[in-house]
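[1] what shape does this take:
(2 chains)
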Amino acid sequence: MAAVIEAHDLKRTYKTTTGVVRRKPLEVEAVRGISFAVERGELFGLLGPNGAGKTTTIKMLITLLLPTSGTARVLGHDVEREPREVRKRIGYVFGGDRGLYERLSALDNLRYFAELYGVSGRRQRERIGEVLELVGLTGREKERVEGYSRGMRQRLHIARGILHDPEVLFLDEPTIGVDPVGARELRATISELVRAGKTLLLTTHYMFEADTLCDRIAVIAKGSIVGQGTPTELKSGVTDGRVTEIEVFGVDDAAVERLRAIDGVTAVAVEEQEQKQLLVVQTTGARELTQALLTELGGASVGRVSSREPTLEDAYVALVTAE
Amino acid sequence: MKTLRVIAVGWLIHFKIMSRSPFAIGVGATWPIVNATLAYFMYRAGGYPQTLLYASLGSAVAGIWSMAAIDASGAIQRQRWWGTLELLVGAPVPFALVLLPMAVAIASAGIYALATTLLWGRLVYGIPLPLEHAVAFVVAVPVTIASIGVLGFALGMTLVRFRTASHIGNSLEYPVWIASGLLFPLAVLPAWSHPISLALAPTWGMRALLHSALGGRAWLDIAICLGLAAAYTAFGIALLERFMDSARRHATLSLT
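    Numbering: from 1, shown residues only, chains lettered A, B, ... in the order given. Got it, this is the predicted structure:
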């Protein structure tokens, strides 16, 4: 069975200029030849830091950007040559406040996009009622969007994206800036869409979200895919050992480099936490390295030390920080 | 039928958006009054009191064009700011069916300019609106608005491709006022500029309104207005797909 979404060696370069008087052309390689496939009914996650190329990839797949090279197909249609065929069959939802007509009611917003997405006049009323029910906005649809909370706007985004009942849905950071309760409700809506048989491609910064929702994940860093698999595969593939967290006060770069040089240490991340730093050290194998780590920290003042199983976030950090 | 429905709903939605901005309507409705007042004094001082209606209608059509030129430019940029431009472009309907009603809806807000200018002239300066051909006048108003709106559509498509093209709309505002004979008759312009004037919808819209009010060949003017609107539409549609491809290639649909 052919994949629903296929990207093959997809590249995208942005051209810009620098300087005012003597302008110099500048090329930025946002996506550097990525390939992946998403099967029918799958929820596929794209993870990566800001500027990694996630949104550019999505924009190529939803036909808003032309690839510089490479090919991509959605439901068998080429995104470059058959944009209209692709657009009929997909929905997409961008995160954030933008993308809605603030001065209009939610109902007017949905009516307009229903028209643009070819939902017939006879079907519109019923379909709008269904999507409002699904996202929990029934009863609030006549209010102007400018009075909506962030979470309500995001739910309205999803309602707009699924109005025409698309087979494939692209969600670009749908829970960004939404409070925990709102984010949980959105995740429930996303799970419901998966249960309804939709194929979803999701980008997110929230590891917990990706771990909970995604069947498979591709991690992008600097425009390339650096890891791909199920959340469990990613966790075990990148670090089959343990993670040691050490609270330190005033650790310097040299000490961090010494930790990295220890045999068995695969990655060290430093999280700044007000007056202290949290060192997240990933190690391979069964060797106990806590004593060696503390020794290499030298004179730095050490606080709490703990050890735990690796999470998806650890795998992600190891992948995106690997040289 | 489906196409007409998309256009009608698009027009209604964008007209609603426009009408819910008190600032846009306030400026759109009062600015032509300032222009009209200046024109009344100029014509009075020149000893041509019979041409005061010309000043009134000219200011109204100038207001409609200003809406179409400046606000159509601003509208595309606003869609970028609102994050809706990509959603509109990404819809499966041809983008012409999105842009055309948007441009006409913006020009339609010029109806406020027409109403306030005529009312101001009537109440403050006592200028009557004779309406020799009342039916022709009623037809001429929407035809003028639509044809000017479609000219705004042809302009608007460049704005999808070029983020900074809104300056084109601003720079075209006054030249079109002059070239269309909205401030003074075309006869005072040099002969070489007449073909440009005749290709502009505001020229024929102005004539249609004037002739339907004072008597004359109003229906011919209306027909020419419609013909020009059809030509602008055909021109816009022919180029729009190329512009859209270019926008996708150069990534100009979003703000960044």
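[2] all contacts plus neighbour counts: C-alpha atoms, from now on.
    Will do.
[3] show me what whichever helix or strand B:T37 is part of is packed against.
    According to DSSP states H and E, B:T37 maps onto helix B:22-45. Where contact means 3 or more C-alpha pairs under 8 Å, 6 or more residues apart in numbering or on different chains; DSSP states H and E, helix B:22-45 is packed against helix B:2-19, helix B:52-66, helix B:110-125.
[4] of those, which approaches chain A most closely?
    Taking C-alpha to the nearest C-alpha, helix B:2-19 is the member of those nearest to chain A, at 6.0 Å.
[5] deepest-packed of the helices and strands packed on helix B:22-45, please.
    helix B:52-66 (a mean of 28; mean count of other C-alpha atoms under 10 Å in any protein chain shown).
[6] so which elements touch the helix or strand following it?
    Beyond helix B:52-66 on the C-terminal side, the first helix or strand identified by DSSP H and E is helix B:72-82. The contact analysis (3+ C-alpha pairs under 8 Å, 6+ apart) places helix B:72-82 against helix B:85-89, helix B:96-108, helix B:134-161, helix B:166-179.
[7] quick one: buried residues of helix B:72-82?
    Using 16 or more other C-alpha atoms under 10 Å in any protein chain shown as the test for burial, helix B:72-82 gives B:72-77, B:79-80, B:82.
[8] same question for stretch B:127-134.
    Buried residues in stretch B:127-134, defined by neighbour count with 16+ other C-alpha under 10 Å: B:127, B:129, B:131-133.
[9] specify which member of those residues is nearest to chain A.
    Nearest to chain A among the buried residues of stretch B:127-134, with distances taken as C-alpha to the nearest C-alpha, is B:L129, at 35.9 Å.
[10] quick test: name the residue nearest the centre of chain A.
    By C-alpha atoms, centre = their mean, chain A has its centre lying nearest to A:T203, at 2.0 Å.
[11] thinking again about what came up before, out of the helices and strands packed on helix B:72-82, flag the one nearest chain A.
    Closest to chain A of the helices and strands packed on helix B:72-82 is helix B:85-89 (C-alpha to the nearest C-alpha; 7.0 Å).
[12] now do the closest one: distance to the chain's middle.
    23 Å (C-alpha atoms, centre = their mean, to the nearest Å).
[13] so that helix, near chain A or not?
    Yes - counting by C-alpha under 8 Å from any C-alpha of the partner chain, chain A has neighbours in helix B:85-89: B:86-89.
[14] mind putting these in TSV, distance to A:V243, neighbour count and pLDDT included?
    Output for the residues of helix B:85-89 next to chain A, formatted as TSV (distance: C-alpha to C-alpha, whole Å; neighbours: other C-alpha atoms under 10 Å in any protein chain shown; pLDDT from 0 to 100):
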residue	distance to A:V243	neighbour count	pLDDT
B:E86	43	18	88
B:L87	43	21	90
B:L88	47	19	91
B:V89	47	22	88
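[15] beta partners of A:S69?
    Beta-bridge partners for A:S69, by DSSP bridges, are A:K11.
[16] quick one, grab the pLDDT at it.
    Among the per-residue scores, A:S69 holds a pLDDT of 92.
[17] can you count the residues close to it?
    By other C-alpha atoms under 10 Å in any protein chain shown, the residues close to A:S69 number 14.
[18] contacts only, for it.
    A:9-12 (C-alpha atoms under 8 Å, 6 or more residues apart in numbering or on different chains).
[19] any idea which helix or strand comes after whichever strand or helix holds A:V243?
    Per DSSP H and E, A:V243 falls inside strand A:242-249. As assigned by DSSP H and E, the chain's next helix or strand after strand A:242-249 is helix A:253-260.
[20] from the contact counts, what lies against that following helix?
    Using 3+ C-alpha pairs under 8 Å, 6+ apart, helix A:253-260 sits against strand A:265-273, helix A:290-296.
[21] buried residues, that helix. List them.
    Neighbour-count burial for helix A:253-260 [16+ other C-alpha under 10 Å]: A:255-256, A:259-260.
[22] name the nearest of those residues relative to chain B.
    Taking C-alpha to the nearest C-alpha as the measure, chain B lies nearest A:V256 of the buried residues of helix A:253-260, at 36.4 Å.
[23] I figured that closest one hits A:V265, correct?
    No - counting by C-alpha atoms under 8 Å, A:V256 stays clear of A:V265, with 11.3 Å between them.
[24] report all helices and strands that the strand holding A:V243 contacts.
    For strand A:242-249, the packing partners by 3+ C-alpha pairs under 8 Å, 6+ apart come out as strand A:276-283, strand A:301-308.
[25] which residues touch residue 99?
    Using chain A here. A:157, B:82-84, B:87.
[26] I was after chain B.
    So B:L99 contacts B:153, B:156-157 (C-alpha under 8 Å, 6+ apart).
[27] kindly report the same for A:S105.
    A:141-145.
[28] buried ones among the residues you listed?
    If we count by 16+ other C-alpha under 10 Å, these have these buried: A:141, A:144-145.
[29] now, which of these sits nearest A:E247?
    Taking C-alpha to C-alpha as the measure, A:E247 lies nearest A:V145 of these, at 44.9 Å.
[30] report pLDDT for the closest one.
    Reported pLDDT for A:V145: 92.
[31] close to chain B: what parts of chain A are there?
    A:14-15, A:62-67, A:84-85, A:87-88, A:98-101, A:103-104, A:108, A:112, A:115-118.
[32] in CSV: the helices and strands packed on helix B:72-82, plus distance to A:S301.
    Putting the helices and strands packed on helix B:72-82 into CSV (distance: least, C-alpha to C-alpha, whole Å) gives the following:
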stretch, distance to A:S301
helix B:85-89, 52
helix B:96-108, 63
helix B:134-161, 58
helix B:166-179, 59
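[33] please identify the most buried of those helices.
    Of the helices and strands packed on helix B:72-82, helix B:96-108 is the most buried (mean count of other C-alpha under 10 Å), at a mean of 26.
[34] follow-up on the earlier one: out of the contacts of A:G99, which comes closest to B:Y112?
    Distances from B:Y112 to the contacts of A:G99, taken by C-alpha to C-alpha, are shortest for B:W82, at 25.2 Å.
[35] and the helix or strand of chain B with the lowest mean pLDDT, which residues are buried?
    When the helices and strands of chain B are scored by mean pLDDT, DSSP states H and E, helix B:22-45 comes last with a mean of 76. Across helix B:22-45, burial judged by 16+ other C-alpha under 10 Å covers B:25, B:28-33, B:35-37, B:39-40, B:43.
[36] what of stretch A:191-198?
    Residues A:191, A:193-194, A:198 are the ones in stretch A:191-198 that count as buried (16+ other C-alpha under 10 Å).
[37] can you pick out the most distant pair from those?
    A:S191 and A:K198 (9.8 Å).
[38] now do the shared contacts for the two.
    Common neighbours of A:S191 and A:K198 (C-alpha under 8 Å, 6+ apart) do not exist.
[39] about what we covered before: near chain A, list only the ones from the buried residues of stretch B:127-134.
    Applying C-alpha under 8 Å from any C-alpha to those, none is adjacent to chain A.
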